[in-house]
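Chemist: curious how this folds, go ahead:
(chains A and B)
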Amino acid sequence: MNCKGTARALSEGSRLPLQAQDHLRICGRCQELERSLNSSAPVDPPSPATLRQIADGMATGLRPVHPVAPARYFFGAFVGIFVSIVALGVYRMGALAIGVMTPRQTAAILSALAISTGLLTYSLVNQMVPGSHHRISPRLLPVGITISLTIVIAVLFQFQHERNFWGNAWVCIRAGAPIGVLAALPFWLMLRRGAILSPGMTGAATGLLAGLVGTSVLEIHCPNLDAWHILVSHLGAAMLCALAGLVIGLAAESTPLTPNLSVDFKET
Amino acid sequence: MVASLQENVGPRQSFANLDHWMERYQQADPEAPAALVGALSPPLLRFFRSQVATREQANDLLQEAWLRIHRVRHTYRPGEPVLPWIYAIARRVRVDGYRRTRRIMLHEITMEVLPEVAAQAEARNPGPTFDTLVASLPEAQREVVTMLKVGGLTLDEVACATSSTVGAVKQKAHRAYERLRKLLQIQAEERVSGAAQ
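Modeler: Numbering: from 1, shown residues only, chains lettered A, B, ... in the order given. All right, here's what the predicted structure looks like:
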């Protein structure tokens, strides 16, 4: 094994293979790298006074807290809110599209929406607790879901030329976006129970999830099966909500409520 | 030597009771904050020092990190590893601190040359110590190597702390080690040519 292979073996984290161990014994450069990486003598350790100050600040008025509920409860609550608002929207507006779409179209689009909702909810629930395990990067997920839904819609429905395209699109956006806003409120109340470390990223994901509530209602209600219409107005409503969530999140991120939090411990 | 490189035995041993202390901290045990602060502050300070220029900034970030940990302590789920939870918060504090510093510098200070981490570390430690080496890495790789080597986190824990996947962490670590190895090689060649002259 050469130096490159040894570096790869080191990055694997588990026990080094014998070949890499042999190489490490004979290669001065790799030995030097190993020595430098493990020179773990603390440089300028924190002063005991500072540590005492922090610990005293934390212990002052310390009250017991209930640990956050297990992830499955939050997952259930998010899905429950999603389904309830979709049901309410369809009840109010009617399920006209179900009679127009083929069973294949109905099953495929609703499955795609359900999978997207599940993945987004799973990601959001994990974002509520710092250091949670993410199977899919939470930064990439909203983008991935939007692209996947675009592909599903483009494959399932035909592209046609409508006469009053923008007029029809506006009607659907005006119906779908407020449903998204309505859904965003309980989602936000749920998220507040956790600790959101990246408001921009979480805002975009929450906005997209809330927007998908509106998209789902429109998919069940709107009998217009033109692919352009579905992409621009139905999926567009979700993307508008995601954009709004991203903007709100970024605004929250750049305007810290307590500009210099470190003062708190010093004062206590 | 090989074993020490892989296992990070020291840090892991000192973090063995953190889960227990974290649970007691949630139950408002007055001894828990001191235990947690004592065990975790040195590696956290070193984590901040490897990312920011001055000790004062690192101290401020350390205090801010503990304040945030205190505020969101209910989000730790008993039984789960503490280190990814702690480092995820610390990482966010570092990002916010960096943005705040940048904003202040843009608005208030005009400097011809910004202080660099590498230059300072070099002045303190002439040999290729951990801090000197790691200062030459890009931010994402530096963060991963610091968490692995100073924080004593496993690959999986680093992935959790950085909201990333294990594969991505391995890739960053591998690129970092490759880069460091090349850097050491260049330094050695320079030393040899300097001695020859």
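
Chemist: residues in contact with residue A:180?
Modeler: A:207, A:210, A:211, A:212, A:213, A:214, A:237, A:238, A:240, A:241 (CB atoms under 8 Å, 6 or more residues apart in numbering or on different chains). Bear in mind the C-beta positions are built from the backbone N, C-alpha and C, glycine included.

Chemist: for the chain, longest helix please?
Modeler: No chain was given, so I picked chain A. Looking across chain A with DSSP state H, the single longest helix is helix A:165-191.

Chemist: my bad, chain B
Modeler: As assigned by DSSP H, the longest helix anywhere in chain B is helix B:166-196.

Chemist: from the chain's centroid, how far away is it?
Modeler: Distance of helix B:166-196 from the chain centroid (CA atoms, centre = their mean, to the nearest Å) equals 19 Å.

Chemist: and for stretch A:235-254?
Modeler: Stretch A:235-254 sits 12 Å away from the centroid of its parent chain (CA atoms, centre = their mean).

Chemist: which outside residues touch stretch B:84-102?
Modeler: Taking CB under 8 Å, 6+ apart as the rule, stretch B:84-102 contacts A:129-131, A:195, A:197-198, A:254, A:256, A:259, B:40, B:44, B:47-48, B:51-52, B:57, B:60-61, B:64-65, B:68-69, B:72, B:75-76, B:143, B:147, B:151, B:153, B:157-158, B:160-163.

Chemist: out of those, which end up buried?
Modeler: A:129-131, A:195, A:197-198, B:40, B:44, B:47-48, B:51-52, B:57, B:60-61, B:64-65, B:68-69, B:72, B:75-76, B:143, B:147, B:151, B:153, B:157-158, B:160-163 (16 or more other CB atoms under 10 Å in any protein chain shown).

Chemist: from those, which land in helices?
Modeler: Residues from the buried ones among the contacts of stretch B:84-102 lying in helices, with DSSP H as the criterion: B:40, B:44, B:47-48, B:57, B:60-61, B:64-65, B:68-69, B:143, B:147, B:157-158, B:160-161.

Chemist: go back to those residues and keep what's next to chain A.
Modeler: B:60, B:61, B:64, B:68, B:157, B:160, B:161 (CB under 8 Å from any CB of the partner chain).

Chemist: just those residues now: which is nearest residue A:23?
Modeler: Minimum distance to residue A:23 across those is 27.3 Å, recorded for residue B:157 (CB to CB).

Chemist: contacting residues around the residue most central in space within chain B?
Modeler: By CA atoms, centre = their mean, chain B has its centre lying nearest to residue B:47, at 2.4 Å. Counting by CB under 8 Å, 6+ apart, residue B:47 touches B:87, B:90, B:94, B:146, B:147, B:150, B:151.

Chemist: please repeat the previous calculation with a cut-off of 10 Å.
Modeler: B:40, B:58, B:61-62, B:65, B:86-87, B:90-91, B:93-94, B:142-143, B:146-147, B:150-151 (CB atoms under 10 Å, 6 or more residues apart in numbering or on different chains).

Chemist: and if you look at residue B:177?
Modeler: A:3-4, A:6-11, A:30, A:33-34, A:37, B:137, B:141, B:145.

Chemist: thinking again about what came up before, show me which of the ones next to chain A among the ones in helices among the buried ones among the contacts of stretch B:84-102 is closest to residue A:48.
Modeler: Taking CB to CB as the measure, residue A:48 lies nearest residue B:60 of those, at 17.8 Å.
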